[in-house]
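A.B. asks: Sequence below, structure please.
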Amino acid sequence: MASVKVPVPLCLLLCVTFGCVPPAARTSDLIAAGTNVPLMPDGTPAAEPCSETAKAVMKALRLRPGDTARVEIDANQFEREPLTVNAGPIESLMMEPMGRLEGASRVYGRVWTSGPRVVIRYYHAQMAGGEVIPICAVARMASGQLEGKPGRFPKSTELQFSSALAFIVEDFL
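C.D. replies: Model (predicted):
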């Protein structure tokens, strides 16, 4: 019997919808996400499209642009205030559910600290005990951007609060 190759986006959509295990992201994929985004003159990351795969997965999980959930920004510095963040990869912890993503899910992304504000983009999520799946979300405070002050270490920033809201986005702007 000949095997049929299903395109990855369709495979992920079917897996999320029907409960099978989608292909897992490698640890290196989590660390590398966002590394090739060019910086604007002010140091913030340039606009970036959300992948079609992530859009399909978010649709299957009933995640729509504007959906939010509170996250602890750095899972390794739980409720530490002020919170020091460094430029580079980050693992955050969802404190409440969002769509079909359960509370206590992990979201993985990248932090930029070189601009006038901290920018955090999330590229992947993982429910407790589940596979890593692609998403597109950003971290924001209730008033909008993540404002901070220079941290004690190079390329670090101190944020007043350890938590923020993760917003699902259609594209990173």
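
A.B. asks: so who does the residue most central in space within the chain touch?
C.D. replies: Centroid-nearest residue in the chain: residue 122, 1.4 Å away (criterion: Cα atoms, centre = their mean). When contacts are counted by Cβ atoms under 8 Å, 6 or more residues apart in numbering, residue 122 is found next to 92, 107-109, 135-139, 166. For glycine as for every other residue, the C-beta is placed from the backbone atoms N, C-alpha and C.

A.B. asks: just the helices in the chain please.
C.D. replies: According to DSSP state H, the chain carries its helices in the segments 8-18, 27-32, 52-60.

A.B. asks: Do me a favour and average the pLDDT over the longest one.
C.D. replies: In this model, helix 8-18 carries a mean pLDDT of 53.

A.B. asks: can you check the second one too?
C.D. replies: Mean pLDDT, helix 27-32: 81.

A.B. asks: contacts for that helix?
C.D. replies: Among residues not part of helix 27-32, those counted as contacts by Cβ under 8 Å, 6+ apart are 89, 108, 123-124, 132.

A.B. asks: Could I have the buried ones of those as ChimeraX selection syntax?
C.D. replies: For anyone working in ChimeraX, the buried entries among the contacts of helix 27-32, judged by 16 or more other Cβ atoms under 10 Å, can be selected with:
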select :89,108,123,124,132
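
A.B. asks: which residue sits closest to residue 118 in space, ignoring its chain neighbours?
C.D. replies: Nearest non-adjacent residue to residue 118, counting by Cβ to Cβ, 6 or more residues apart in numbering: residue 146, 4.0 Å away.
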